[in-house]
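Trainee: Build me a model:
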Amino acid sequence: MHESSICRGLLQQVETLAHEQNAASIKRITVRLGPLSGITPWQLEEAYNHTRQGTTAEYAELIIEHAPIRVKCKQCNAESEVTLDDLNCTHCGDSQTTLLSGEELILVGITV
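Mentor: The predicted model follows:
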């Protein structure tokens, strides 16, 4: 399960930040997760619950913000929010779009 290795990397980042702040523990971790990231929120939560044991984030709440899928149209240059099953421009309907967001997993912040 690649979510475990993703969580280990996330927790390494979080522990580094906590150490820089001289924090003994972390209360909350906030991440932004896109629907095209290949990770579902429940998979991330499950992996997090297993990998946080013995870390400074052992009792930290994981907050998952959902990132929208956004595209930019190559035809009309408009940016729009689209759905997973329709990546066409919502302004002109063209299918030639560039993905702007929706595949990310970003550490937004921590509360110590």
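Trainee: Pull out the buried positions in the helix or strand of the chain with the lowest mean pLDDT.
Mentor: When the helices and strands of the chain are scored by mean pLDDT, DSSP states H and E, helix 2-20 comes last with a mean of 89. Residues Glu3, Ile6, Cys7, Leu10, Leu11, Val14, Glu15, Leu17, Ala18 are the ones in helix 2-20 that count as buried (16 or more other Cβ atoms under 10 Å). Backbone N, C-alpha and C define where each C-beta goes, glycine included.
Trainee: same deal with stretch 105-112?
Mentor: Leu105, Ile110, Val112.
Trainee: what ranges do the strands span in the protein?
Mentor: 28-33, 61-66, 69-73, 79-82, 97-101, 105-111 (DSSP state E).
Trainee: Now tabulate those strands in a markdown table and tack on mean pLDDT and distance to Glu45.
Mentor: Shown next, in a markdown table, are the strands of the chain (pLDDT from 0 to 100; distance: least, Cβ to Cβ, whole Å):
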| stretch | mean pLDDT | distance to Glu45 |
| --- | --- | --- |
| strand 28-33 | 96 | 10 |
| strand 61-66 | 96 | 6 |
| strand 69-73 | 97 | 21 |
| strand 79-82 | 96 | 25 |
| strand 97-101 | 96 | 21 |
| strand 105-111 | 93 | 13 |
